[in-house]
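[1] Sequence plus the predicted model coming up.
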Number of protein chains: 2
Amino acid sequence: MTDLLAFTASLVDIPSVSHNERAVADHLQSLLAPVPWLALTRLGDTLVARTDAGRPQRLVLAGHTDTVPPNGNETARVDGDVCWGLGSADMKAGVAVLAELARTVAEPAVDVTYVFYECEEVDSRFNGLERLFAERPDLVAGDAAVLAEPTGARIEAGCQGTMRIEVVLTGERAHSARPWLGRNAVHRLAPVLAAVAGWEGRRVTLDGCDFREALQAVVVSGGVAANVVPDRAVLTLNHRFAPDRTPEAAEAFVRSLVGDVDGFEVVDVAPAAPPALGHGLLTALARATGAPPRAKLGWTDVARFATRGVPATNFGPGDPNLAHSAGERVERHELETVHRVLRTLLDHGVEEHGVEEHGVEERHGAEEAADPPGKL
Amino acid sequence: MTDLLAFTASLVDIPSVSHNERAVADHLQSLLAPVPWLALTRLGDTLVARTDAGRPQRLVLAGHTDTVPPNGNETARVDGDVCWGLGSADMKAGVAVLAELARTVAEPAVDVTYVFYECEEVDSRFNGLERLFAERPDLVAGDAAVLAEPTGARIEAGCQGTMRIEVVLTGERAHSARPWLGRNAVHRLAPVLAAVAGWEGRRVTLDGCDFREALQAVVVSGGVAANVVPDRAVLTLNHRFAPDRTPEAAEAFVRSLVGDVDGFEVVDVAPAAPPALGHGLLTALARATGAPPRAKLGWTDVARFATRGVPATNFGPGDPNLAHSAGERVERHELETVHRVLRTLLDHGVEEHGVEEHGVEERHGAEEAADPPGKL
């Protein structure tokens, strides 16, 4: 079998900072073009490879080929069973596993769509997966999807929604020697911040995964001059909400929590995705991992599938906490675990295990979970 | 007698935005140079005119000649008994009264030092009065001082001190989807702002004047990015403290009020000045006005005298609330009242009235008082 660690290193050595994925897409295309059971389509620097064996179900396996900018780690270094380098964890290891499956699993039990897409690490409007949904939805259609993002080779199911809100408080200017002639907008932040800081965070368990919501003041500004009572303060909040809430419900919650303010605007929102582990393919996947699934608290592209009604989950090699860091790396055993689990799923599909409740006895709390600092 | 309103208008028509007082200083110098009882000294564009009649007491009468930048009002307009225009109230009306006294009161009962100084409306390091104290303290020595700043032709005694403080709160960054892994510095503003907003303001009566302290959050900032728990927040406070407190005592008070913070720095401080109405010359002045004195809540140059041990007060024509506004103006009756009161003081000194308690039965509360939005 292919040395997946060496394969990962070879992909790391092809620079592919966002917007510059052509070389890596060319390379993957050259690997997959000769494979007789795959139909290839390229859209920009996004590559789609599909089997068409007439199976009753289709699974989408997706990974992005771009990386964040280098941090002194643009060259791969293999040291024993560890591959270091930019994108090793996020997510050329996942891409290596998917490409390996694509070129070796000739007769999968389910039809498979492999997606290698560009521009995940930058603004949504460049996202290759989003472009496929917009321009070629037929190419990404499926019954379930797995994103091979780094999750430490265990399922991180669904994802929480995220919402950015600007709260504005107004007042009336006055000379700071006579503040009683005005109204201080910055002082009015006090009860709002107290309400936000004091909120404990709602928790909800879905498909056995513990989601933990969050609400944070991320930016604050206000003030006119050192001798003027300020008449305007702006507070930016970031709310992470569990998949049992719609963006509308999440907004209503925050609105009621902050109380009486002069401006309340949702400036950015991305919906949550349910864990969807009740779906046969994902249930089978969860069983095959042998590790209890946990909730994904940060936002990921699984939500792009979820909003199209496609159950999706995160499952890939690499420590999510190392993503985007200079010390990014991936270990051989994670690559091989993810490969083995996905291979099992492709070889046997749902039939092997049947659809049953996945038993999760011992589950780590949300405190121990971790995800990388991504764009959202 | 000179038409003081017309005289004020003629001074308004000589532009003198801060750093550009040469023409107005030249003009005043040309008016006062021929006056036989005055000795003139010029330092930069600051003009000092002193009598030297061997009186036992010396009174300093001071006014600044500069204005803030124009606001469509750079030309004087006299309409009936009102003179409109830049600097009409702040404080060419006061300068007109002082210049009129300088050239007409040949034999004052006290020796008089008239000071016409530059750069009051800008940073202290340019202030002409401060420069005199530093380079020629002999020229500004005296037993008491009156600043003819606009006070509505009534005494505004002493002034409150002012202090700018930067409070820093720190935390620990984390992804905003997992805030429990960090500590939010912006959230930590809540109790500090609540303490500041909730403080009622100490009040103290000195020499019959009601001082009312203030503490305001004037600037706030914090935040790293929309998906990062912020690790630093900075809050700028402005504290106005009554003349019975030293800057050190005022700082100690604020420090105890804000409680546990990571940084607390006094970045700017100017001490208060006591009303000093117990001093014979100022008692006589207060009696002559016929109106109850009130406290000056904003900071003024009287504090420059007070820190040198010279009792000083604010007393001049013009509504302080109109200073620095496009609608700035002064009325004839205020000019004439201030002229009459100061003339009485110069003609009779302390002897006429003796030193006795100034009786103040009816006094407006601090709420009705007003002062212009100055630099401090």
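    Received the coordinates, thanks.
[2] Over to whichever residue of the stretch 1-150 of chain A sits closest to chain B: give its phi and psi.
    Chain B sits closest to A:Asp123 of the stretch 1-150 of chain A, with a gap of 12.7 Å, by C-beta to the nearest C-beta. For the C-beta atoms, the positions are set from N, CA and C on the backbone; glycine is no exception. A:Asp123 adopts backbone torsions of phi -50, psi 140, taken as degrees, to the nearest 10.
[3] Same check on A:Ala303?
    phi -60, psi -30.
[4] Would you check that it makes contact with A:Gln160?
    No - in this structure, A:Ala303 is not within contact of A:Gln160 by C-beta atoms under 8 Å, at 9.2 Å.
[5] Identify the contacts common to these two.
    The contact sets of A:Ala303 and A:Gln160 overlap at A:Ala272 (C-beta atoms under 8 Å, 6 or more residues apart in numbering or on different chains).
[6] Please say which of these two ends up with more neighbours.
    Taking neighbours as other C-beta atoms under 10 Å in any protein chain shown, A:Ala303 and A:Gln160 compare with A:Gln160 leading, 29 against 23.
[7] Report the beta-bridge partners for the residue lying closest to the more buried one once chain neighbours are set aside.
    In this structure, A:Gln160 finds its nearest non-sequential neighbour in A:Arg240, 4.5 Å apart by C-beta to C-beta, 6 or more residues apart in numbering or on different chains. Per DSSP bridges, the residues bridged to A:Arg240 are A:Thr162, A:Ala214.
[8] repeat for A:Leu47
    Bridge pairing for A:Leu47 - DSSP bridges - gives A:Arg42, A:Phe116.
[9] Report pLDDT for it.
    On the pLDDT scale, A:Leu47 is placed at 98.
[10] pretty sure it is touching A:Ala33, no?
    No - using C-beta under 8 Å, A:Leu47 is not in contact with A:Ala33; the gap is 9.9 Å.
[11] Next, show the common contact partners of these two.
    A:Leu40.
[12] so how far is the first residue of stretch A:190-207 from its last?
    38 Å (C-alpha to C-alpha, to the nearest Å).
[13] contacting residues around that stretch?
    So stretch A:190-207 is contacted by A:157-158, A:167, A:169, A:210-217, A:235, A:237, A:242-244, A:257-259, A:261, A:274-278, A:293, A:295, A:366, B:180, B:184, B:186-191, B:193-194, B:197 (C-beta under 8 Å, 6+ apart).
[14] mind listing which of those are in helices?
    Counted as lying in helices by DSSP state H, out of these, are A:Leu257, A:Val258, B:Leu189, B:Ala190, B:Pro191, B:Leu193, B:Ala194, B:Ala197.
[15] Of those residues, which is the nearest to B:Glu74?
    Checking the ones in helices among the contacts of stretch A:190-207 against B:Glu74 with C-beta to C-beta, the nearest one is B:Ala197 at 40.3 Å.
[16] Against B:Glu251, how distant is the residue of the stretch 1-150 of chain A closest to chain B?
    Distance, A:Asp123 to B:Glu251, by C-beta to C-beta, to the nearest Å: 47 Å.
[17] what's the burial count for A:Met163?
    So A:Met163, with other C-beta under 10 Å, has 22 neighbours.
[18] Surely it is in contact with A:Pro271?
    No - the criterion here is C-beta under 8 Å, and A:Met163 misses it with A:Pro271 at 9.3 Å.
[19] anything in contact with each of the two?
    Common neighbours of A:Met163 and A:Pro271 (C-beta under 8 Å, 6+ apart) are A:Pro247.
[20] Show me where chain A dips below the pLDDT cut-off.
    Across chain A, residues meeting the criterion (pLDDT under 70) sit at A:351-376.
[21] in it, which residue is closest to the centre?
    Taking C-alpha atoms, centre = their mean as the criterion, A:Thr300 is the residue nearest the geometric centre of chain A, at 1.9 Å.
[22] give me the element it is part of.
    For A:Thr300, there is no host helix or strand (DSSP states H and E).
[23] Identify the residues contacting it.
    A:Leu147, A:Glu149, A:Cys159, A:Ala273, A:Asn314, A:Gly374.
[24] Could you identify which of those residues has the most neighbours?
    Ranking the contacts of A:Thr300 using other C-beta under 10 Å puts A:Cys159 first, with 34 neighbours.
[25] Quick one: residues contacting that one.
    Here A:Cys159 is in contact with A:Pro243, A:Ala272, A:Ala273, A:Lys296, A:Leu297, A:Gly298, A:Trp299, A:Thr300, A:Val302, A:Ala303, A:Asn314 (C-beta under 8 Å, 6+ apart).
[26] rerun that using 7 Å as the cut-off
    Residues near A:Cys159 by C-beta atoms under 7 Å, 6 or more residues apart in numbering or on different chains: A:Ala272, A:Ala273, A:Lys296, A:Gly298, A:Trp299, A:Thr300, A:Val302, A:Ala303.
[27] In stretch A:179-199, which residues are buried?
    By 16 or more other C-beta atoms under 10 Å in any protein chain shown, the buried positions in stretch A:179-199 come out as A:179, A:182-197, A:199.
[28] now the strands for the stretch 1-150 of chain A?
    Using DSSP state E, counting those that start in this stretch, the strands found in the stretch 1-150 of chain A span residues A:39-43, A:46-50, A:58-64, A:77-79, A:82-84, A:111-117, A:144-147.
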